[in-house]
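Asks: only geometry, no sequence info:
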């Protein structure tokens, strides 16, 4: 704990930092996921097209 730092203030700083770290990890994961999907589309275009069609059907039949 930093000198002269109240417990609540230190905890909120740690929470903010861990939240930022979580956001960075999530952004990295989403970038890699997007890259993997693009690669899969290039490698197996027919399967990727079928997956897109299934997703479109899912979205069309989804009720709000």
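Replies: Looks like it came in fine. It should be emphasised that the depicted structure is a prediction, and the values quoted were computed from it without experimental measurement.

Asks: Which other helices and strands does the helix ranked longest in the chain contact?
Replies: Longest helix of the chain, by residue count under DSSP state H: helix 7-43. When contacts are defined as 3 or more C-beta pairs under 8 Å, 6 or more residues apart in numbering; DSSP states H and E, helix 7-43 sits against helix 45-61. Every residue, glycine included, has its C-beta placed from N, CA and C.

Asks: From the chain's centroid, how far away is the helix it packs on?
Replies: Distance of helix 45-61 from its chain centroid, counting by C-alpha atoms, centre = their mean, to the nearest Å, is 21 Å.

Asks: What of stretch 49-63?
Replies: 21 Å.

Asks: Same question for stretch 32-47.
Replies: 17 Å.

Asks: Give me the contact list for that stretch.
Replies: residue 48 (C-beta atoms under 8 Å, 6 or more residues apart in numbering).

Asks: and residue 63, what element?
Replies: Under the criterion DSSP states H and E, no helix or strand holds residue 63.

Asks: For it, give its distance to residue 52.
Replies: 21 Å (C-beta to C-beta, to the nearest Å).

Asks: again, but for residue 37
Replies: Counting by C-beta to C-beta - residue 37 and residue 52 are separated by 10 Å.

Asks: One more: residue 59?
Replies: 11 Å.

Asks: swap in residue 26?
Replies: Between residue 26 and residue 52 the computed distance is 24 Å (C-beta to C-beta).

Asks: what does residue 44 give?
Replies: 12 Å.

Asks: sorry, back to before: looking at residue 63 and residue 52, which is more packed in?
Replies: residue 52 (11 against 3; other C-beta atoms under 10 Å).

Asks: now the angle from the longest helix of the chain to helix 45-61?
Replies: Counting by axes from the mean of the first three to the mean of the last three C-alpha atoms, to 10 degrees, helix 7-43 lies at 120 degrees to helix 45-61.

Asks: Quick check: buried residues in the helix or strand bottoming out on mean pLDDT in the chain?
Replies: Lowest on mean pLDDT, DSSP states H and E among the helices and strands of the chain sits helix 7-43, with a mean of 84. Across helix 7-43, burial judged by 16 or more other C-beta atoms under 10 Å covers no residue at all.
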